[in-house]
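In: My questions concern the predicted model and sequence given below.
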Number of protein chains: 2
Amino acid sequence: MLGRDRVMTAERALGLLLESLASRKTRVSKIGIERALGMVCAEPVIAAEDVPAFARSTVDGYAVRAEDTFGATETMPAYLNLSAEVFMGEQAAVTITDDIACKIPTGGMLPVGADAAVMFEHVQVIDNKMIEVMKAVAPGENVIQPGEDVKNGEPVLMKGSRIRPQDIGACAGIGAMEVKVFERPVVSIISTGDEIVSAKQKPDIGQIRDTNSYTIAAMVTEAGGVPVRKGIFRDDYALIRDAVQGAMGDSDAIAVSGGTSVGTKDMIARIIGDIGNPGILFHGVSLKPGKPVIGGVMNGVPIFGLPGHPAAVSVCFDIFIRPILDLLSGLEDRPSRRLRGIVRARLSRNVSSSQGREEHIRTMIEEREDGLWAVPILGKSGLISTLVKADGTFVIPVNRNGIEKGELVDVRLF
Amino acid sequence: MLGRDRVMTAERALGLLLESLASRKTRVSKIGIERALGMVCAEPVIAAEDVPAFARSTVDGYAVRAEDTFGATETMPAYLNLSAEVFMGEQAAVTITDDIACKIPTGGMLPVGADAAVMFEHVQVIDNKMIEVMKAVAPGENVIQPGEDVKNGEPVLMKGSRIRPQDIGACAGIGAMEVKVFERPVVSIISTGDEIVSAKQKPDIGQIRDTNSYTIAAMVTEAGGVPVRKGIFRDDYALIRDAVQGAMGDSDAIAVSGGTSVGTKDMIARIIGDIGNPGILFHGVSLKPGKPVIGGVMNGVPIFGLPGHPAAVSVCFDIFIRPILDLLSGLEDRPSRRLRGIVRARLSRNVSSSQGREEHIRTMIEEREDGLWAVPILGKSGLISTLVKADGTFVIPVNRNGIEKGELVDVRLF
């Protein structure tokens, strides 16, 4: 499907990349669960034991046989004889038979013969030998059964899931102290541009500091990758080709930033085509900002030629690089993950666009009395300050020529 | 305001903690911007120069005096004489006067005399001396003015904001290679319980593995803190008191996990009261799960006694510890930050609650044809597997006794 100017849609362009990388394998390593937060599970973690291994009380109270309490009420309590107490962390020494109860703490092990627990609140202690139970309990009430939390042989963690705090806790619960995870993809960042100098350096007149490699590096980190800033290269075929070729040896993906001028864009496209197979997959998409973006694959390594404008870098990262990093990370996550960081807000003014291109509008979010409003920032995409002011972006789809004031938009928060 | 059982509401309890810690100062350190992602800015970053320092073209085209193009159309083009080209990263050698144009790349420096740029698309090249401009440009069109992105003296980063990728890029853009940030708060985690053994150890009958300290540690990391797992302590006044006292020396906050039984809960409350000033701020809140939670401050160090049930740990962390870590982190963030990770979904079945307590329900999220649905998980709060299955939680407020099928709920995603 071709958009305005007969360039590809962003969706189709991403599809080409994903197809071309579908058979890519990600390296796997084994790490301690304390270091696994945010990593992607590479092999299901299977419980080799029941959790809990024994029936536990979920309340502070008395372990009983439920049938001994049937019919008990405040006016017609059941009288039970007390046996020795259950202590935490110990096997219950007693056996519960007819009309016997034993004191038990939350988490304590139910003694043999008991099948329920009565809460303190529903008991009157008569003396150290007898209690009155004022409320019946059903068999299993206030008890966690053996294996009720996790059963022996059940998976605790699925392959492809991003590891959350409770997942780490669940691994600890079954004694799985190490998990196999996919290694974080390494992304090399190559800055190009005759006008670009190191951010540490005072620019001469006509020069500007490198900002994009810092933004991209932090976005890679946020997306679960490992950024490697390879430095700034002049717009020279041999220099940039050597930098790209060097990066292919130690990177899972390569982002070339800059190359804003027509000549440079063509040069980067030529380098990608010259180095690897299949080479360029798209050059230009119906996207604003970000139209001149280049995507390719060189012998299994994805490469992106990003426009120099900061807002375009941010949009291209979200549309192309983040999904590719998810793929390279082995992520096959639950749908709810995608919903994070999206809020629905009402648009504060009309925003026009051109049909045939997908436009990403930076926006602030305002909380007003009548709800959330998206207040668009209509500055030039070359200004990083517009990204700093913004809370996120929303999209005017390819088939619309604008969105009207008051319409609901889904804002992707930064 | 007292809820059911005349215990405090969660909101009031958090308020007491925040009040008691209001004057707390957080340590500040200076770090390189490459390491600043996710940290909280402790001192505004002010630009000491204009960005850009010179007028730049935002298009590939020709630098002109706008007035020379006024009235130009495809049928009535303006004829302009070509001077020497502007090269990237160099000061333009030419001066633009009447009816002169010079070729300029995107990002190139506008020569003296020029005040606009015409895109290639709107130009016909006649020969290497002359072009036809077929569309008028206004003064300033396709140009970024000096200081238009960032003005000398303007703040690029505000105190209290969480540093995002584009913020790091903006710092690089003004040559601010280091930022002052608040140090990450250190949270000591003390596990207690006679039944708890190290996750690495095979539990005897009646014992269970420590899971909560792993979950809490990862939640602390996720919330921007540094967790220190101090180990597992038996339910003994002197042992736990010594552990808490030891942690006070090297922690910004302390979480004591476990102490599920009545006796232990009282012991932890007693220790907090005995050690520090003001001591206990609340003991029990109208919250489910998490009712027995304890909160206090000991000589400026907040301490939390968390119930042993995994679901209660997760709820208490979100309600009490996360906001306190935000405070200790120096975070004064934009409202949009709070909106992250909240999705609105329709409830798939009736869920009842008791008026007078705030109930947090674990839930899955299902994407159906008619939108998002919240499918509650009604398992016992002692089961960590319910947290692993869940995508997030929603709240039944203190003044409601349930939510009906089909009602919209805001789900906080994990």
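Out: Looks like it came in fine.
In: Where does the prediction get shaky in chain A?
Out: A:1-6, A:259-263 (pLDDT under 70).
In: Tell me where it has helices.
Out: Along chain A, the segments classed as helices by DSSP state H run A:10-20, A:165-173, A:212-222, A:237-250, A:262-275, A:310-316, A:322-328, A:336-339, A:384-389.
In: which parts of the fifth one are buried?
Out: Neighbour-count burial for helix A:262-275 flags A:T264, A:K265, A:M267, A:I268, A:A269, A:I271, A:I272, A:I275 (criterion: 16 or more other CB atoms under 10 Å in any protein chain shown). Quick note: C-beta positions are derived from backbone N, CA and C, even for glycine.
In: Same list, these, but only the ones touching chain B.
Out: Taking CB under 8 Å from any CB of the partner chain as the test, chain B is in contact with none of the buried residues of helix A:262-275.
In: circling back to that earlier point, which one of the helices of chain A lies nearest to B:N350?
Out: Closest approach to B:N350 among the helices of chain A (CB to CB): helix A:336-339, 22.2 Å.
In: when you scan the closest one, is anything in it near chain B?
Out: Yes - interface with chain B: helix A:336-339 contributes A:S336, A:R337, A:L339 (CB under 8 Å from any CB).
In: wait, the last one sits on B:A345?
Out: This means A:L339. No - between A:L339 and B:A345 there is no contact under CB atoms under 8 Å: 9.1 Å.
In: circling back: arrange the helices of chain A in CSV, one row each, with distance to B:H309 as further columns.
Out: Formatted as CSV, these follow (distance: least, CB to CB, whole Å):
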stretch, distance to B:H309
helix A:10-20, 42
helix A:165-173, 12
helix A:212-222, 33
helix A:237-250, 47
helix A:262-275, 55
helix A:310-316, 42
helix A:322-328, 33
helix A:336-339, 23
helix A:384-389, 43
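In: Stretch A:291-300: end-to-end distance?
Out: Distance between the two ends of stretch A:291-300: 24 Å, counting by CA to CA, to the nearest Å.
In: Give me the more crowded residue out of A:L339 and B:A345.
Out: Ranked by neighbour count (other CB atoms under 10 Å in any protein chain shown), A:L339 and B:A345 place B:A345 first, with 25 against 21.
In: residue ranges for the strands of the stretch 101-250 of chain A, please.
Out: A:116-119, A:123-127, A:130-133, A:143-144, A:155-157, A:178-182, A:186-192, A:196-197, A:208-209, A:226-233 (DSSP state E, counting those that start in this stretch).
In: List the residues that contact A:H360.
Out: When contacts are counted by CB atoms under 8 Å, 6 or more residues apart in numbering or on different chains, A:H360 touches A:L287, A:K288, A:P289, A:G290, A:A311, A:V315, A:T393, A:F394, A:V395, A:I396.
In: beta partners for it?
Out: A:V395 (DSSP bridges).
In: need the contact list for A:V51.
Out: A:G147, A:D149, A:V150, A:G173, A:I174, B:I208, B:R209.
In: One more: A:R337?
Out: A:R337 makes contact with A:R162, B:L413 under the criterion CB under 8 Å, 6+ apart.
In: what about it, distance to B:M219?
Out: Note on A:R337: its distance to B:M219, by CB to CB, to the nearest Å, is 17 Å.
In: quick one on the thing from earlier: what touches both of A:L339 and B:A345?
Out: With CB under 8 Å, 6+ apart, A:L339 and B:A345 have common neighbours B:I365, B:L372.
In: re earlier: considering the contacts of A:V51, which is situated nearest to B:P139?
Out: A:G173 (68.8 Å).
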